[in-house]
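[1] only the shape, not the letters, is given here:
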């Protein structure tokens, strides 16, 4: 099975030492099998379960610390899709990014997502997921899923191309047995960063204070977003 491995620059900082994820945490990879078979089931998770949070820029000291290399819930609110009646009407992959659209035939309501998922090399342990979600009411959100064991009181976030103006802190408020989840308002600045940027870097702090940096590619994101735009007009 082919995996897009993300271990080239991902590193775990522990006790002042650096060790690559493939030696400390297991290979981190984007699994096409997981994307195509499992993720449609998780597409709707938390879209209406938590409120929107406005992300704040990461502090400058965190930027300086970055390395040089850098269960589905039914929608029951207004304009929502009933999960039991929804069917997949769009599913296409652009490099590591995938577009999935669900539609309720009777109401012609459509929910789409552009997403990237990183898992262990075995494909059975997700590391993180990042999704741009287009809701049936036209609003867009950034959904992120983190693994259990993350320090929710620490400063977790992500940065694009190591630019301060393209960095966001992510306050995590909800954790379930499958991981910790957060929804942010998707805005023009985020879209600009993801479209123009080359690489993203997810910054997580595992409890109590071990920093884990996982890079993710942005190649294919613009094409995936264009398809989602065309599919939701």
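    Received, thanks. Just so you know, these numbers come straight off a predicted model, no measurement behind them. Numbers count the residues shown, from 1 in each chain.

[2] for the rest of this, base every contact and every neighbour count on C-alpha atoms.
    Will do.

[3] what residues sit buried inside stretch 146-163?
    Neighbour-count burial for stretch 146-163 flags 146-148, 150-152, 154-162 (criterion: 16 or more other C-alpha atoms under 10 Å).

[4] so residue 223, which state does it fall into?
    Secondary structure assignment for residue 223 (DSSP: H, G, I helix; E, B strand; the rest coil): helix.

[5] isn't it right up against residue 94?
    Yes: with contact defined as C-alpha atoms under 8 Å, residue 223 counts as touching residue 94 (6.8 Å).

[6] and the longest strand along the chain, what does it pack onto?
    Secondary structure of the chain per DSSP state E: the longest strand is strand 109-120. Here strand 109-120 touches strand 28-30, strand 97-104, strand 126-134, helix 221-231, going by 3 or more C-alpha pairs under 8 Å, 6 or more residues apart in numbering; DSSP states H and E.

[7] dump those to TSV, plus distance to residue 206 and mean neighbour count.
    Shown next, in TSV, are the helices and strands packed on strand 109-120 (distance: least, C-alpha to C-alpha, whole Å; neighbours: other C-alpha atoms under 10 Å):
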stretch	distance to residue 206	mean neighbour count
strand 28-30	16	25
strand 97-104	26	24
strand 126-134	12	22
helix 221-231	28	18
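
[8] closest to residue 175 out of the ones you listed?
    Among those, strand 126-134 comes nearest to residue 175, with 13.2 Å by C-alpha to C-alpha.

[9] contacts for the next helix or strand after that closest one?
    Under the assignment DSSP states H and E, the closest C-terminal helix or strand after strand 126-134 is strand 140-146. For strand 140-146, the surrounding residues in contact (C-alpha atoms under 8 Å, 6 or more residues apart in numbering) are 47, 127-135, 179-186.

[10] partner strands of strand 140-146, parallel or antiparallel?
    Partners of strand 140-146 in the sheet, by DSSP bridges, are strand 126-134 (antiparallel), strand 179-185 (antiparallel).

[11] among those, which comes closest to residue 195?
    Nearest of the strands paired with strand 140-146 to residue 195, taken as C-alpha to C-alpha: strand 126-134 at 12.5 Å.

[12] for the closest one, the averaged confidence score.
    The average of the pLDDT scores along strand 126-134 is 89.

[13] can you check stretch 165-175 too?
    90.

[14] in that stretch, what counts as buried?
    So stretch 165-175, judged by 16+ other C-alpha under 10 Å, has buried residues 166, 167, 168, 169, 170, 171, 172, 175.

[15] okay, how far is it across it, tip to tip?
    Stretch 165-175 has an end-to-end distance of 28 Å (C-alpha to C-alpha, to the nearest Å).

[16] part of a helix, is residue 194?
    Yes: under three-state DSSP, residue 194 sits within a helix.

[17] dump the residue contacts of residue 173.
    152, 180, 181, 182.

[18] can you pull the contacts of the third one?
    Contact criterion C-alpha under 8 Å, 6+ apart gives 46, 143, 144, 145, 146, 172, 173, 174, 175 as the residues in contact with residue 181.
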